[in-house]
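**Student:** Everything below, folded, please.
(2 chains)
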Amino acid sequence: MPVIFGELSAQVLSRCAALHRAGTLDPVDPEVSTGVAGSVAGGEFLRIQLRVRRGRIQEARFKAFGCSSSIASASLACEWAEGKTLQEAESIQEAELSAALELPPEKRHCSALAKAALHGALSASQGKHLRSG
Amino acid sequence: MKKPRIYMDHHSTTPMDPAVLQTMLPYFTEEFGNAASRSHAYGWRAEEAVEKARESLAGLIHARPKELVFTSGATESDNLALFGAVANLSERGRHIVTCMTEHPAVLDCCRRLEKSGYEVTYLPVDSTGRLSPEDVRAVLRNDTILISLMAANNEVGTLHSLSEVGKIAKEAGVLFHCDGSQAVGKVPMDVEAMGIDLLAFTAHKIYGPKGVGALYVRKRNPRVRLAPILFGGGHEGGMRSGTLNVPGIVGFGEACEIAGRVMPEESARLSSLRDRLHRRILSELKEVRLNGHPEFRLPHNLNLSFAYVEGESLMMAMEDVAVSSGSACTSATQEPSHVLKAMGVSDAMAHTSLRFGLGRFNTLEEVDYVAGRVVESVKRLREISPLYEMAREQRQGAHAGHLR
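**Tutor:** Predicted structure coming up:
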């Protein structure tokens, strides 16, 4: 069997147990924007949604098809994004997510995926903002 | 990490039967002799214990004791069988036939042999993981020297038609090696009736110790000659040098005795528990797919794909239950199981697979507990799966369209 993973950190396990900020925001809502990353065939697919009002992230929600480290990364990225401006949220990097979750090197792509989904949602929101502005 | 409370990964390894341990203990201390020492009673008694174990192994697979060579495990047995057999046959030909769903212990040997100028045909399987014996016949050539096929697959438990393949091999005068790691001691194996010339198996899959295995090497019709891969003393008829692991071999013998005795009852009990686990899961969850053959399957194997839920996250969600998954998630590899792929399972579904391997000490209560944990965890993870949400929306859209 090809599964290879070492021991998961307490942070990853507790995030997967709690699933903080898992959920869906109404995509029809003009304040909501969505970013996705990964592929189903690759075994990991993340979606992050943001509700942005006056340039600040009011709510961030994720859905994940993927291993525990991707679920934990998406959950933490959402937690960090809430309350930040779009610009501030852009500074959330995979290295910080990996460090906070104590991801081993072979799992760093999980936090990279969470960052990619978050940045997708941020760009979508900026696009909306430009169009409406 | 918390140690799982329930072990249901018996394809990987098994706990040692306490009765096996008891037979081994004296051979670590007072009966410590080297089975190759001919000059004193320490050696004689060790040798006697080894020969008694050899008889037990032979009885389980319907072989003669002299046809068994002790090794360090099934991987070494597979290596000895493949490299040892082809070395003596390369004058006759350099073509080997095997199957895409074999264990790496065979596949990696084949890849290595390809680098040394051998040609290997990797036969496909159907959607249940079964190889068609006619496919074997169809690819045989004048220069084919060896067929290597596992008895039972380690991931999906599918049993191959060994007797038919053995018959085809005999007719063509080609040696037939079988990796019996998952099957010996679990389902009846008969090297005569199945026409097997070489059979690899190991103690730790049948409630014996780790680090000891065996290779059956046919001595008559035909007499199989192997070139050794280890040198230094000419033990085991020159086929496997090295001081014998006497306590391990004694334990292996006892494990085979027990397996032979309890097999009918144990396989009936485990397949009934396995079917109960399957039924309970299906009664609560939709879109669960069985990987493997519905009938020709190891009695203790259940491999299921739970659509929309990635396997590793599911295993971690029920961390008090030890199972395996066909998913893989490291930056090094995102390729899921080669077995499921060969069976035509999509990568997406392969990533959602979980393997349950029931065993001698699992109880009905454990099975019911595991079924409950699986149902609860799949439901929870489907709630956070974007794929489940998309599929649900599509279904609702289709339904709404239908109403209009």
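
**Student:** A strand includes B:Phe201, no?
**Tutor:** Yes: secondary structure assignment places B:Phe201 in a strand (DSSP: H, G, I helix; E, B strand; the rest coil).

**Student:** Next, find the distance separating it from chain A.
**Tutor:** Distance, B:Phe201 to chain A, by C-beta to the nearest C-beta, to the nearest Å: 19 Å. Every residue, glycine included, has its C-beta placed from N, CA and C.

**Student:** quick one: contacts for the residue nearest to that residue when sequence neighbours are not counted?
**Tutor:** Spatial nearest neighbour of B:Phe201, excluding adjacent residues (C-beta to C-beta, 6 or more residues apart in numbering or on different chains): B:Val184 at 3.9 Å. Contacts for B:Val184 (C-beta atoms under 8 Å, 6 or more residues apart in numbering or on different chains) come out as B:60-61, B:151, B:199, B:201, B:205-206, B:259.

**Student:** hey, what's B:Val184 bridged with?
**Tutor:** B:Val187 (DSSP bridges).

**Student:** Now do it, the pLDDT please.
**Tutor:** Reported pLDDT at B:Val184 in the predicted model: 98.

**Student:** do A:Met1 as well
**Tutor:** 43.

**Student:** thought B:His278 was touching B:Leu302?
**Tutor:** Yes: B:His278 lies in contact with B:Leu302 (C-beta atoms under 8 Å); the separation is 5.6 Å.

**Student:** so what sits against both of those two?
**Tutor:** Listed as contacting both B:His278 and B:Leu302 by C-beta under 8 Å, 6+ apart are B:Leu290.

**Student:** Which elements pack onto the longest helix along chain A?
**Tutor:** For chain A, the helix with the greatest residue count under DSSP state H is helix A:108-132. Packed against helix A:108-132 by the contact rule (3 or more C-beta pairs under 8 Å, 6 or more residues apart in numbering or on different chains; DSSP states H and E) you find strand A:32-39, strand A:44-53, strand A:56-65, helix A:68-81, helix A:86-90, helix A:94-101.

**Student:** picking that back up, kindly indicate which of the contacts of B:Val184 lies nearest A:Gly23.
**Tutor:** Using C-beta to C-beta, B:Lys205 is the member of the contacts of B:Val184 that sits closest to A:Gly23, with 44.2 Å.

**Student:** That closest one and B:Phe252, how far apart?
**Tutor:** 11 Å (C-beta to C-beta, to the nearest Å).

**Student:** and what of B:Val97?
**Tutor:** Between B:Val97 and B:Phe252 the distance is 30 Å, computed by C-beta to C-beta.

**Student:** Which parts of the stretch 301-404 of chain B are strands?
**Tutor:** Taking DSSP state E, counting those that start in this stretch, the strands of the stretch 301-404 of chain B run over residues B:301-306, B:321-322, B:324-325, B:353-357.

**Student:** Can you list the strands that the longest one pairs with?
**Tutor:** Read it as strand B:301-306. Based on DSSP bridges, the strands next to strand B:301-306 in the sheet, each with its direction, are strand B:288-290 (antiparallel), strand B:353-357 (antiparallel).

**Student:** Give me the contact list for it.
**Tutor:** With contacts defined as C-beta under 8 Å, 6+ apart, strand B:301-306 is touched by B:11, B:152, B:155-157, B:274, B:277-278, B:281, B:285, B:287-292, B:314, B:326, B:345, B:349-350, B:352-358, B:374, B:378.

**Student:** centre of the chain versus it, how much separation?
**Tutor:** Average the C-alpha atoms of strand B:301-306, do the same for its chain, and the two points are 16 Å apart (C-alpha atoms, centre = their mean, to the nearest Å).

**Student:** Output stretch A:100-116 as PDB - backbone C-alpha positions only.
**Tutor:** Only the C-alpha atoms of stretch A:100-116 are listed here, as PDB (Å, rounded to 0.1, in the frame of the first residue of the first chain):
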ATOM      1  CA  ALA A 100       2.500  26.500  12.700                       C
ATOM      2  CA  LEU A 101       1.200  23.000  11.900                       C
ATOM      3  CA  GLU A 102       4.700  21.400  12.200                       C
ATOM      4  CA  LEU A 103       4.300  19.800   8.800                       C
ATOM      5  CA  PRO A 104       7.200  17.500   7.800                       C
ATOM      6  CA  PRO A 105       9.000  18.400   4.500                       C
ATOM      7  CA  GLU A 106       7.000  15.800   2.500                       C
ATOM      8  CA  LYS A 107       3.700  17.400   3.500                       C
ATOM      9  CA  ARG A 108       4.700  21.100   2.700                       C
ATOM     10  CA  HIS A 109       2.800  20.900  -0.500                       C
ATOM     11  CA  CYS A 110      -0.400  20.700   1.500                       C
ATOM     12  CA  SER A 111       0.200  24.200   3.000                       C
ATOM     13  CA  ALA A 112       1.200  25.400  -0.500                       C
ATOM     14  CA  LEU A 113      -2.200  24.200  -1.800                       C
ATOM     15  CA  ALA A 114      -4.000  26.100   1.000                       C
ATOM     16  CA  LYS A 115      -2.100  29.200   0.200                       C
ATOM     17  CA  ALA A 116      -2.900  28.800  -3.500                       C
END
